[in-house]
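>>> how would this look folded up:
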Amino acid sequence: MKPFFRSLPVVLLAFFVISPAYAQFSRPVVVLKGSVLTSDQKPATVRLSIHETGASDADDDTAHEITTCAIQEMTAGNANSESGRYLLILKPGKKYWVHIEGTFVQSLDTLVQMPKTDKPLTIEQNFTVNWRPDNTPLGANGVAADPAKKE
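Numbering: from 1, shown residues only. Okay, here's the model as predicted:
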């Protein structure tokens, strides 16, 4: 019995070296990255919220995509306050609403279409946001706070 146990490591090593290696691949993703800058080219401190449109992979008709921003948020990220850079991971072949909001900037909603691909892909997409006209920060309820109003 002892000779068997002594040769077991050699047998296992031979099995793993000789047997074909099978790699398990995950599904491809699209890396959406870029910058969010203000209209005067300053980095914007914003939150990017991603919402799927509900459109199927093969659906190229855009007539129904007007009222889809209320769909559940899929993912979100913040732009770097020093550089305005962001990075999001999305599924290929899907349409997404990108909702951008920040304290001192006007909200922006943009529809983006991720290409169909069977390999990982990186797309550079920059966004420009405008300053809020009165530069009043948004309150906790998403409405501009009135600085003259005492609570």
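
>>> alpha carbons only for contacts and neighbour counts from here, please
Fine.

>>> what ranges do the helices span in this protein?
Taking DSSP state H as the criterion, the chain contains helices spanning 2-18.

>>> Name the spans of it whose pLDDT lies under the cut-off.
Counting by pLDDT under 70, the ranges of the chain that qualify are 1-25, 54-70, 135-151.

>>> quick one, strands of it?
30-38, 47-52, 73-78, 85-90, 95-101, 108-113, 121-124, 127-129 (DSSP state E).

>>> Export these to a markdown table and append columns for mean neighbour count.
Below are the strands of the chain laid out as a markdown table (neighbours: other CA atoms under 10 Å):
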| stretch | mean neighbour count |
| --- | --- |
| strand 30-38 | 20 |
| strand 47-52 | 22 |
| strand 73-78 | 15 |
| strand 85-90 | 18 |
| strand 95-101 | 23 |
| strand 108-113 | 15 |
| strand 121-124 | 14 |
| strand 127-129 | 18 |
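
>>> From Pro133, how far out is Ser49?
To Pro133, Ser49 is 23 Å away according to CA to CA, to the nearest Å.

>>> Ok, Arg85 next?
From Arg85 to Pro133 the distance is 24 Å (CA to CA).

>>> Tell me, how many residues neighbour Gln125?
By other CA atoms under 10 Å, the residues close to Gln125 number 13.

>>> Nearest residue to Leu90 in space, please, no chain neighbours.
Among residues not flanking Leu90 along the chain, Val30 sits closest, at 5.1 Å (CA to CA, 6 or more residues apart in numbering).
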